[in-house]
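> I'd like to go over a predicted model; first the sequence, then the structure.
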Amino acid sequence: MILQKGSQFIEEPFQTIVVWSDPERCRRRATETFLFSMIGKIIKKYHSSGLVGVCRALMWRLFRPRPVVHPVNLALCRVAEKSGFAVVQLGAFTGDTLNDPLFCTLKERLPKVSGTLLLVEPVACHFEKLVKNYEGIPGVIFENVAVADFSGEAEIYRLGVDPADHGYPDWLAQLSSLKEERMGALWDRYEQNAQFKEFFLEHRVKEKVQCMTFEELVSRHKIRAIDLLQIDVEGCELEILRTIDFRKTPIRFVNFESVLLQDLKNEADRLMIDNGFQLLDYDQDTFCYTRRDRNLAKRYNHR
């Protein structure tokens, strides 16, 4: 093998490897290699399928469906590049659900890059599973409280049985809320499935939980700045957003469930815009980012 770096050669049998020390030369070589490869593929396709085959292959490459990547995952890749990041999740449930945008990424990332993940879940039975699912992961803090616009005791409404045991979808267990109307007017305006609603109300339980404000939460854990705030609290998102002093606690990204806000969505949007955020609505959520990260939103939109 001959290893070439610049003008130096190291001789070893069997193989030749070229390592370019000039970045511009490396980029030019990579471009040439890519072009020659593409030309070779086009010629091969032309011989096997003709001009029509070449056109079909090009159309597929240009317009094939891209996998949808959660914008929170894009944000996590950016904030977790360096140690010292802070992520806060309000309404963490058990963590390991298919629709949780944090669990897989941070469970893999935190052992490698030091950071802080503050998980808040008010329902005791869900909280126990949450702690177990993050067991052994460094940098994780747990709070068994509800974040609200007041401090003190409140009642939370939740499903008292495992829906899967009764033939219903798992996600019904995620609908715990401080708002009794979550399974009333809010349900009727969004989900509109009478059978699911009847099942939930039949097995709904009410229990006491402790509440604290967002300010009290970050003060307790001495968090001065947040890289990503994830909020999914079943209709109480705006009440929490109203209490946040973004000047006192700077936040880089905010992702909140917005589908249940209904007529209050415009107020939530205005609040975030007035605090310097740009907005991206997708699925059931609204993703908020500042001007410094506008390229991230472009990456999501081009997928």
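Yep, that arrived.

> show me what contacts Leu118?
Contact analysis of Leu118 by CB atoms under 8 Å, 6 or more residues apart in numbering lists Ala86, Val87, Val88, Gln89, Ile141, Glu143, Leu217, His221, Ile223. Any C-beta I mention is one placed from the backbone N, CA and C, and that applies to glycine too.

> Over to Met272?
Leu241, Val254, Leu279, Thr286, Cys288.

> coming back round to it: quick one: buried ones out of the contacts of Leu118?
Ala86, Val87, Val88, Gln89, Glu143, Leu217 (16 or more other CB atoms under 10 Å).

> Dump the residues you listed into JSON lines; add secondary structure, distance to Val52 and pLDDT as well.
Shown next, in JSON lines, are these (DSSP: H, G, I helix; E, B strand; the rest coil; distance: CB to CB, whole Å; pLDDT from 0 to 100):
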{"residue": "Ala86", "secondary structure": "strand", "distance to Val52": "55", "pLDDT": "96"}
{"residue": "Val87", "secondary structure": "strand", "distance to Val52": "50", "pLDDT": "97"}
{"residue": "Val88", "secondary structure": "strand", "distance to Val52": "54", "pLDDT": "98"}
{"residue": "Gln89", "secondary structure": "strand", "distance to Val52": "51", "pLDDT": "97"}
{"residue": "Glu143", "secondary structure": "strand", "distance to Val52": "61", "pLDDT": "97"}
{"residue": "Leu217", "secondary structure": "helix", "distance to Val52": "62", "pLDDT": "97"}
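
> Distance to Gln230 added to those, as a markdown table?
Converted to a markdown table, these look like this (distance: CB to CB, whole Å):
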| residue | distance to Gln230 |
| --- | --- |
| Ala86 | 12 |
| Val87 | 7 |
| Val88 | 7 |
| Gln89 | 4 |
| Glu143 | 14 |
| Leu217 | 13 |
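
> which of those lies closest to Ile39?
Val87 (45.7 Å; CB to CB).

> Of the contacts of Met272, which is the nearest to Gln192?
Nearest member of the contacts of Met272 to Gln192, counting by CB to CB, is Thr286, at 21.3 Å.

> hang on, the earlier thing: any idea which of the contacts of Leu118 is closest to Pro169?
Closest to Pro169, out of all of the contacts of Leu118 and judged by CB to CB, is Gln89, at 22.0 Å.

> how close does that closest one sit to Leu228?
Going from Gln89 to Leu228 by CB to CB, to the nearest Å gives 9 Å.

> low pLDDT regions in the stretch 151-300 of the chain?
Low-confidence segments of the stretch 151-300 of the chain (pLDDT under 70): 297-300.

> And the strands in it, which stretches?
Listed in chain order, the strands of the stretch 151-300 of the chain (DSSP state E, counting those that start in this stretch) span 152-159, 204-212, 226-231, 251-257, 278-282, 285-289.

> Format the CA atom coordinates belonging to the second one as CSV.
The reference is to strand 204-212. This file holds the C-alpha atoms of strand 204-212, laid out as CSV (Å, rounded to 0.1, in the frame of the first residue of the first chain):
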residue,chain,number,x,y,z
ARG,A,204,-61.9,8.8,34.1
VAL,A,205,-60.5,9.4,37.6
LYS,A,206,-59.8,12.6,39.4
GLU,A,207,-56.8,13.0,41.8
LYS,A,208,-54.9,15.7,43.6
VAL,A,209,-51.6,17.0,42.3
GLN,A,210,-49.2,19.7,43.3
CYS,A,211,-48.7,22.7,41.0
MET,A,212,-45.9,25.2,40.6
